[in-house]
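# need coordinates for the below:
(one chain, ligands or ions: 2)
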Amino acid sequence: MRTQVGIIGAGPAGLFLALLLAREGIESVILEARSREYVEGRVRAGVLEQGTVDLMHQLGVADRLMRESMTDRILDIRFEGRLIHMDMPDLVNGREVRIYGQQEVVKDLIAARLAAGGELLFEAEAMALEDIAGARPAIRFQHKGEEHRLECDVIAGCDGFHGIARLAIPADALTIYDHIFPFGWLGILSESPPLADMTYANHARGYALASRRSPRIARLYLQCTPDEDLAQWPDARIWEELHIRLNADTSELAEGRIFQKGVTPVRSFVAAPMQYGRLFLAGDAAHIVPPTGAKGLNLAAADVRVLARGLVPFLRKNDGSLVERYSQTCLQRVWKTVRFSNYMTTLLHRFPTHTPFERQIQLAELDYIAGSRAAQTVVAENYVGLPMDG
Ligand code: RFL
Ligand code: PHB
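Residues are numbered from 1 along each chain as shown. Ligands and ions are numbered 1, 2, ... in the order given. Prediction:
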C-alpha cells in the first residue's frame with residue numbers, strides 16, 4: 001500500500017488533518033487501532049474554542065455543531081462562599097466558547113471522511129515505523145489478523161499519549177518535559193439539568209467543576225487521588241461532595257441518574273521537537289495538558305492546521321520552508337497553553353503539600369481576580385483561545 005500521508009490515529013488530530021489535506025487534494029490513509037463504536041463512544045472533552053469552531057466551518061462539518069452545541073459566555077469561579085462571574089464576550093471582544101462533546105466532534109469528522117470516500121481503517125493497529133529519517137518512511141500495521149505495510153511520503157503520529165509514534169523517535173533526539181500533579185479527576189455524566197454557567201470551584205476539600213453536554217445532561221468533575229478507586233464512590237457520595245464543593249444545594253444542582261464514571265490523571269507533558277525526519281507528532285502524541293484549561297482537543301486542532309499548511313507546499317512542489325518550522329511554530333502555542341493550564345490547575349486545586357502560606361497565596365490570587373477586570377481579561381483571553389499561530 002502507498003499513500004502521501006500515513007496518519008496514525010482517528011482522534012481529533014488525525015481526523016482534522018485528513019480533512020484539511022483532502023481539501024487540498026492530498027491523499028492520506030488513517031489507521032485506527034480501535035473500532036468505530038469505541039472511538040465514537042469515548043467520553044472526553046467538551047469545550048471548543050472559537051478557532052476550533054471556525055475550523056469545523058471551514059471544513060464544512062459544522063451543521064450539527066451549530067444545531068446542537070451550546071454557546072458558553074460565562075466562566076464562574078466559586079471559592080469560600082464567593083463568586084467570580086466572568087462574561088467572556090464582554091471581556092474579550094465578543095469571543096466565546098462552545099460546548100459540544102468530543103465524541104460528537106469525532107462522529108462528525110468520521111462521517112465526513114467516509115462520505116468523501118477517504119481511507120479510514122478501524123481496528124488497524126500500527127505496530128512499527130520504518131525509515132522515518134529517510135525519504136520513504138513506512139508504517140507496519142495489523143488489520144483483520146494480517147500484517148500490512150503502508151509506504152508514505154510522510155507520517156503523522158496522531159496516536160495520542162499512549163501511541164507508538166513518539167516512541168519511534170530516538171530518545172536522544174527528544175527533550176521530554178513532564179509534570180505529574182498529585183491528584184486526578186473523577187468525571188461523571190448525569191441525566192440532570194446542569195448549572196446554568198460553566199462553574200469551577202476552589203474548595204478546601206478539593207476542586208470541582210460543573211459543565212454540561214445538553215440542557216438535560218450535566219458533566220461534573222471532582223478532584224480525587226490519582227489512583228482513586230471508583231468502588232469507593234457510590235452515587236450518593238459523589239452528589240454529596242459536589243453539593244459541598246460547588247456550594248450548590250439540590251435546588252440549584254439537581255441529582256440525576258449517573259450513566260458514566262471515570263478517573264483521569266492530571267499531567268503536563270511536552271515532547272520537543274514535534275518532528276523527526278519525516279515523522280510529525282500532533283495532539284496528545286506530543287503533549288498533554290491538565291484538563292483544567294479545557295485545551296487538549298483545541299491544541300490538537302491547532303497543531304494539525306499548522307501541519308497541513310506546511311505539508312501542502314512540501315508534497316506539491318517539494319517546498320519544505322513552512323513544514324520545517326512546524327515544531328517551532330506549534331511549540332509557541334503549546335507552551336503558552338501549558339502555562340495557562342498549569343495556572344488554572346494551581347489556582348483551583350487543593351495540593352496535599354500545600355502549606356498554610358501557599359493556601360493564603362491561592363486565596364489572594366482568587367480575591368485579586370474577583371476585583372480586577374485586567375486579571376479577568378487575562379483568564380478569559382486564554383480560555384476562549386489565543387489567536388492561531390500565536
Ligand atoms: P486521541 O483522542 O487520544 O486519539 C488518538 C487515537 O490514536 C489511536 N491509536 C492508534 N491507532 C493506530 N495504531 C496505534 N498504535 C495507535 N495508538 C493509539 C487511539 O485509539 C485514538 O483513537 O488524541 P488526539 O487526536 O491528539 O486528541 C487529543 C484529545 O483527545 C485530548 O487532548 C482531549 O480529550 C483533552 N481533554 C480536553 N480537551 C479540550 O480541548 N477541552 C476539554 O474540555 C477537555 N476536557 C480532556 C477533557 C481529556 C479528558 N480525559 C479523559 C483525558 C476532559 C477529560 C476528562
Ligand atoms: C467538559 O465539559 O468536559 C470540560 C469543561 C471544562 C474543562 C474540562 C472539561 O476544563
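
# now the strands for the stretch 101-250 of the chain?
119-121, 124-130, 138-143, 146-151, 154-157, 175-191, 198-202, 208-214, 217-224 (DSSP state E, counting those that start in this stretch).

# closest one to ligand 1 among the ones you listed?
Closest to ligand 1 of those, according to Cβ to the nearest ligand atom: strand 124-130, at 3.7 Å. All C-beta atoms are positioned from the backbone trio N, CA, C, and that covers glycine.

# quick check: angle from that closest one to strand 146-151?
Following axes from the mean of the first three to the mean of the last three Cα atoms, to 10 degrees, one obtains 50 degrees for the angle between strand 124-130 and strand 146-151.

# any stretches of this protein with poor pLDDT?
389-390 (pLDDT under 70).

# sorry, back to before: winner for burial among the strands of the stretch 101-250 of the chain?
strand 154-157 (a mean of 28; mean count of other Cβ atoms under 10 Å).

# so what strands line up beside it?
strand 5-8 (parallel), strand 279-281 (parallel) (DSSP bridges).

# what parts of the stretch 251-390 of the chain come near ligand 2?
291, 292, 294 (Cβ under 6 Å from any ligand atom).

# so which of the residues you listed also contact ligand 1?
Okay, of those touching ligand 1 (Cβ under 6 Å from any ligand atom), that's 291, 294.

# nearest to ligand 2 among the residues of the stretch 251-390 of the chain next to ligand 2?
Ligand 2 has its nearest neighbour among these in residue 294, at 3.5 Å by Cβ to the nearest ligand atom.

# does that closest one touch residue 72 like I think?
No: with contacts counted by Cβ atoms under 8 Å, residue 294 stays clear of residue 72, the gap being 9.8 Å.

# any common contacting residues for these two?
Counting by Cβ atoms under 8 Å, 6 or more residues apart in numbering, the common neighbours of residue 294 and residue 72 are 47, 97.

# tell me which of those two has more neighbours.
residue 294 (24 against 21; other Cβ atoms under 10 Å).

# distance check, the more buried one against residue 41.
Residue 294 sits 21 Å away from residue 41, going by Cβ to Cβ, to the nearest Å.

# ditto for residue 135
Going from residue 135 to residue 41 by Cβ to Cβ gives 39 Å.

# which SS class is residue 94?
Assigned with DSSP: H, G, I helix; E, B strand; the rest coil, residue 94 falls in the coil class.

# and ligand 1, is stretch 118-135 touching that?
Yes: applying Cβ under 6 Å from any ligand atom, one finds stretch 118-135 in contact with ligand 1 at 125, 126.

# can you give me the end-to-end span of that stretch?
End-to-end distance for stretch 118-135, by Cα to Cα, to the nearest Å: 24 Å.

# looking at the strands paired with strand 154-157, which is nearest to ligand 1?
strand 5-8 (5.0 Å).

# after that closest one, heading C-terminal, what element do we hit next?
Sequence-wise, the next helix or strand downstream of strand 5-8 (DSSP states H and E) is helix 12-23.

# given the helix or strand just after that next one, what are its sheet partners and their directions?
Sequence-wise, the next helix or strand downstream of helix 12-23 (DSSP H and E) is strand 28-31. Here strand 28-31 has these sheet partners by DSSP bridges: strand 5-8 (parallel), strand 119-121 (parallel).

# is strand 28-31 in proximity to ligand 1?
Yes: shown here: strand 28-31 in contact with ligand 1 (Cβ under 6 Å from any ligand atom) through residue 31.
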